[in-house]
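Engineer: Need a 3D model of the sequence below.
(one chain, ligands or ions: 1)
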Amino acid sequence: MAEKKPPLSKEELQELREELMLADSLTRIENTLMILSGKGGVGKSTVAVNLAAALAASDRQVGLLDIDIHGPSIPTLLKLEGASVQGQSQRGMSPIQYNNNLKVMSVEFVLKDQAHEAVIWRGPMKHRLIKQFIAEVDWGNLDFLIVDAPPGTGDEPLSICQMAPPRSRAIIVTTPQKLALQDVKKSIRFCRAVEMPIFGIVENMSGFVCSNCGTEHELFKSGGGERLARETGFKFLGRIPLDPRLVTASDEGKPFVLEYPTSAAAKAFDRMIEPILALSPPRMKKH
Ligand SMILES: Nc1ncnc2c1ncn2[C@@H]1O[C@H](COP(=O)(O)OP(=O)(O)OP(=O)(O)O)[C@@H](O)[C@H]1O
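Structural biologist: Residues are numbered from 1 along each chain as shown. I've put the predicted structure just below:
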């Protein structure tokens, strides 16, 4: 399949990147991780929320940006529905402080019901909106910005990745089924086209842990994500098993890793964040 051609010309892209490099709100973000998936429903938002919560629990300053214009789900996953932007500073919109170490911004906090009326967002408007959410949020000093991007490899994720802050890397989420793995290959080609380095691959819904006996069962052949990571040379960040409690925790708006810290899925997240934490060693505490 031919690689997707980015909608901006090389010159426009260069100009945009220079502009973003200068954006004051972005200079204070050490690392950005774009959570991507080749198709919807593989658990991208679940991974984004739990990664952000686990990194924040490890004493890092974390921002979570939900920039899925057509289906923002972070407000529901963190019980922040109905919340709106806290104000505006010179640097931009103030995000919502979820806990001491975690701030959240979602298109839903600004657009409310309009966010679901996808049809009104035409090309240039969408582009402006995405740029505003990337460059005009006053995050303060962050060790990590986690971005929940829309699924797929269409125009929106493309614009978002083109406008990604400096020092951005992608984490690709997949599930073990063959088709989903083909979608990862599509995401890899996509990242190459937008020159986004890939940090690693996560295999979600990989095996099922029985809540009665604790035994792990395979529903689909698992391990495909790991094999693919080996073949492509990208880091394999781990397998997260299917756990029905993840669905209930999400419905109740509670990060699973904080609710069930000893579960197999939470431990998978703990292992996953190790190489991520290494990107940003703990800051010296000021006394
Ligand atoms: N490991 C898991 N175990 C059980 N359920 C899971 C797991 N991961 C995700 N889910 C559930 O799968 C559903 C889809 O997850 P999620 O919304 O995170 O996917 P997504 O890829 O972000 O979807 P979208 O394409 O809408 O952005 C949710 O109901 C979520 O609770």
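
Engineer: most residues in a single strand of this structure, which one?
Structural biologist: strand 198-209 (DSSP state E).

Engineer: Can you list the strands that that one pairs with?
Structural biologist: Paired neighbours of strand 198-209 in the sheet (DSSP bridges): strand 168-174 (parallel), strand 216-217 (antiparallel), strand 236-242 (parallel).

Engineer: of all those strands, which lies closest to the ligand?
Structural biologist: strand 236-242 (4.1 Å; C-beta to the nearest ligand atom). For glycine as for every other residue, the C-beta is placed from the backbone atoms N, C-alpha and C.

Engineer: how about low-confidence regions in the chain?
Structural biologist: In the predicted model, the chain carries pLDDT under 70 at residues 1-8, 17-18, 20-25, 27, 112-123, 179, 210-223, 283-287.

Engineer: Tell me the residues of it that contact the ligand?
Structural biologist: 37, 40-46, 68, 71, 73, 151, 204-205, 240, 242-243, 246-247, 250, 265 (C-beta under 6 Å from any ligand atom).

Engineer: Show me those residues that map onto helices.
Structural biologist: Counting by DSSP state H, the residues of the chain next to the ligand place Lys44, Ser45, Thr46, Leu246, Val247, Ser250, Ala265 in helices.

Engineer: Export those residues to TSV and append columns for neighbour count.
Structural biologist: Output for those, formatted as TSV (neighbours: other C-beta atoms under 10 Å):
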residue	neighbour count
Lys44	26
Ser45	25
Thr46	24
Leu246	23
Val247	12
Ser250	20
Ala265	24
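
Engineer: which one of the residues you listed is nearest Leu158?
Structural biologist: For these, the closest approach to Leu158 (C-beta to C-beta) belongs to Lys44, at 16.0 Å.

Engineer: what sits against the residue lying closest to the closest one once chain neighbours are set aside?
Structural biologist: Spatial nearest neighbour of Lys44, excluding adjacent residues (C-beta to C-beta, 6 or more residues apart in numbering): Ser37 at 4.4 Å. If a contact means C-beta atoms under 8 Å, 6 or more residues apart in numbering, then Ser37 has Gly43, Lys44, Pro151, Gly152, Ile172, Val173, Thr174, Asp183, Ser187 as its contacts.

Engineer: right, and the secondary structure at the last one would be what?
Structural biologist: Ser187 carries the three-state label helix when classified by DSSP: H, G, I helix; E, B strand; the rest coil.

Engineer: can you pull the contacts of it?
Structural biologist: Leu36, Ser37, Gly38, Thr153, Ala170, Ile172.

Engineer: What residues of stretch 150-168 count as buried?
Structural biologist: 150-153, 156-165, 168 (16 or more other C-beta atoms under 10 Å).

Engineer: swap in stretch 132-149?
Structural biologist: 133-135, 137-140, 142-149.

Engineer: and of those residues, the nearest to the ligand?
Structural biologist: Nearest to the ligand, judged by C-beta to the nearest ligand atom, of these is Asp148 at 7.0 Å.

Engineer: Nearest spatial neighbour of the closest one, chain-adjacent residues omitted?
Structural biologist: Per C-beta to C-beta, 6+ apart, closest to Asp148 is Ala48, 4.0 Å.

Engineer: Kindly report the same for Glu108.
Structural biologist: Excluding the flanking residues, the one nearest Glu108 by C-beta to C-beta, 6+ apart is Pro72, at 4.2 Å.

Engineer: Distance-wise, check the residue in the stretch 51-200 of the chain positioned nearest to the ligand relative to Gln14.
Structural biologist: Of all residues in the stretch 51-200 of the chain, Pro151 sits closest to the ligand, at 4.0 Å by C-beta to the nearest ligand atom. Pro151 is 28 Å from Gln14, where distance means C-beta to C-beta, to the nearest Å.

Engineer: so who does Pro75 touch?
Structural biologist: Pro75 makes contact with Asp66, Glu81, Gly82, Ala83, Ser106, Glu108, Phe109 under the criterion C-beta under 8 Å, 6+ apart.

Engineer: can you name the two of those residues that are farthest apart?
Structural biologist: Greatest spacing in these, by C-beta to C-beta: Asp66 and Gly82 (14.7 Å).
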